[in-house]
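Visitor: got a structure for you, letters missing:
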RNA sequence: CGGGGCGUAGCGCAGCCUGGUAGCGCACACGGUUCGGGACCGUGGGGUCGAAGGUUCAAAUCCUUUCGCCCCGACCA
């Protein structure tokens, strides 16, 4: 590619709309341009990167035995009604009508379509398993698109769906996909982790997310420093031993003996103006672990009280899963006061009526705890679960923190990192096949629903994540496999005949050798070309200058390290080839 | 969806409070000088001030409505 013909409109100033580095740099490097909120045009450089990611995905998926197909973007509502998701999916599903007033949607995911294909075309267990994937533009009408390609409304995704005769084979394929994904992200040159994830609205039995580690990630992931346990914080557990604090020095993360402390009678104590755990524990001189924190929440419209040990935080995702409800939110002051009969800050489980009380499993063993008194400026001490109040449900509701003990191994502690979700694999089971009557005949001639799996990769998001992880003050530092070009030949002065000719020769030689090369043949000052080259982030740069050329030399510079290799011009091509 | 903010040249912004001929930097075009890290000088083109309505002799500026975009939160295969 000749830069003089390339539409790569780089900009010096950062557009105001960009918040994260990948978005800023994609705009500045002339890779993408916004058309509407969360909707972008991919300019030539951006598209080349997308194609690089796609090609890696394609090769690895094909290598794993999957087959590429391409499904429609516009999907008739009937299919979504069959699965029940037409009514469940909500506003993220972009719905439209055709000229006959029939309902359609713009596919945000394609379980229904692919299940429809397979139920029509696959009849026998002999035809299984089958894994079909596509790389396609999706649309989800996100409430709040942001961060450029990281969370767009329209985005390119690889989605794969596998169909199996039984659970065991689905699990086998799941394992194959996990390994395939690891290869894909490794080939992309990314630092990532596969973590256990919440299955969310799509349902299914278990799932893993693939997280590219980056400060700006929207997700938090907990991982063990000793074993290979890693999970999204939404789902992560820590080791409790099911105990309260073993009174004395033991911390939550340490094993302890069950408390032998004898239960004492409840007493009311004045705690004027002391609302937070810190204030109350400070006033009473007790360890925060001895407090029961009572949160009033609204779960699918109904208020409930949630009990958490004082030093812990509520994990709302775990709570909503435990309650089996769709939406959980902290209640506002009015609801809290109505439920507890007290100002915010003095809620407690004792004497609460009319609301469900759910508690973290750690609360169950607490003895002589401190809790709100459901009256202004009042707390209760020596509160004991079971004796003083009833809990309708105990569950793990604790949000893990760095330093918590690993739930899987004896010695490990958890650390928390931020990550960008670039891939997600699910075991779906028969949810869609049953809903849509997608069945096959097994060896016994018995009709059975397909057992399914689904596997997604955000292609554009992967490119963005690569930038989040690979950039410096001058711009993008592409990992070679994702770079729009491997090498840029840069004649310093195209009006200098010998430089231009030498650069053209090298450029053509590289192309002839199958190297993805570009040449900056613009009549621009050297500084401008250098700045653009750094911004765009092409891994290798061959600089052809008048002085060097006089000595028969050119320079090869590595974008990532800044290392410059001075080589004879005739050796430039083999040197470049050896470096990529 | 709740809260906050912003829409003025392609981009980044000032002007608005206190109404009176629409500005700056970058980018762009032309001329000259320059030429290994986003050059300099000069000249020039480019604006329905997001849109609609209202107040006023007069609206980018004040009022109302509306659309778009951004941020925080909630939410999110």
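Guide: Great, that's in hand. Just so we're clear, the structure is a prediction, and the values are computed from it rather than from any experiment. Numbering: from 1, shown residues only, chains lettered A, B, ... in the order given.
Visitor: Please enumerate the helices of the stretch 251-400 of chain A.
Guide: Along the stretch 251-400 of chain A, the stretches classed as helices by DSSP state H, counting those that start in this stretch are A:277-284, A:316-323, A:333-340.
Visitor: Return the most buried member of these.
Guide: Ranked by mean neighbour count, the helices of the stretch 251-400 of chain A are led by helix A:316-323 with a mean of 20 (mean count of other CB atoms under 10 Å). No exception for glycine: its C-beta is placed from N, CA and C like everyone else's.
Visitor: for that one, packing partners?
Guide: strand A:292-299, strand A:328-330, strand A:356-360, strand A:393-395 (3 or more CB pairs under 8 Å, 6 or more residues apart in numbering; DSSP states H and E).
Visitor: Assign a three-state SS to residue A:530, would you?
Guide: The three-state label given to residue A:530 by DSSP: H, G, I helix; E, B strand; the rest coil is helix.
Visitor: Name the single longest strand found in chain A.
Guide: strand A:414-429 (DSSP state E).
Visitor: neighbouring strands for that strand, and are they parallel or not?
Guide: strand A:206-213 (antiparallel), strand A:219-224 (antiparallel), strand A:451-458 (antiparallel) (DSSP bridges).
Visitor: Show me what the helix or strand following that strand is in contact with.
Guide: Once the chain leaves strand A:414-429, the next helix or strand it forms, by DSSP states H and E, is helix A:431-435. Identification of contacts with helix A:431-435 by CB atoms under 8 Å, 6 or more residues apart in numbering yields A:82-84, A:111-112, A:115, A:119, A:163, A:203-204, A:438-439, A:449-452.
Visitor: In strands, which of those residues fall?
Guide: A:163, A:439, A:449, A:451-452.
Visitor: Looking at the residues you listed, which is nearest residue A:172?
Guide: Distance to residue A:172 across the ones in strands among the contacts of helix A:431-435 (CB to CB) is lowest for residue A:451, with 10.9 Å.
Visitor: Check that closest one and give its pLDDT.
Guide: On pLDDT, residue A:451 comes in at 95.
Visitor: you'd agree it is up against residue A:165?
Guide: Yes. Assessed by CB atoms under 8 Å, residue A:451 is found in contact with residue A:165 at 7.1 Å.
Visitor: Now the helices and strands packed on helix A:316-323 in CSV, please, with extra columns for distance to RNA strand B.
Guide: Output for the helices and strands packed on helix A:316-323, formatted as CSV (distance: least, CB to the nearest atom of the strand, whole Å):
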stretch, distance to RNA strand B
strand A:292-299, 10
strand A:328-330, 5
strand A:356-360, 16
strand A:393-395, 17
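Visitor: Which one of these has the poorest average confidence?
Guide: Looking at these, the bottom one is strand A:328-330 with a mean of 79.
Visitor: Give me the buried positions along that one.
Guide: residue A:328 (16 or more other CB atoms under 10 Å).
Visitor: Any chance you could list what contacts stretch A:3-20?
Guide: A:23-24, A:27-31, A:34, A:43-45, A:146-148, A:150, A:216, A:468, A:488, A:518-522, A:531-532, A:535-536.
Visitor: re earlier: and the contacts of helix A:431-435, which are buried?
Guide: A:82-83, A:111-112, A:115, A:119, A:163, A:204, A:438-439, A:449-452.
Visitor: want to throw the residues you listed into CSV with distance to RNA strand B?
Guide: Output for the buried ones among the contacts of helix A:431-435, formatted as CSV (distance: CB to the nearest atom of the strand, whole Å):
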residue, distance to RNA strand B
A:82, 17
A:83, 13
A:111, 9
A:112, 12
A:115, 15
A:119, 21
A:163, 17
A:204, 7
A:438, 19
A:439, 23
A:449, 19
A:450, 18
A:451, 17
A:452, 13
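Visitor: separation between residue A:58 and residue A:25?
Guide: 26 Å (CB to CB, to the nearest Å).
Visitor: how far is stretch A:399-419 from where the chain is centred?
Guide: 19 Å (CA atoms, centre = their mean, to the nearest Å).
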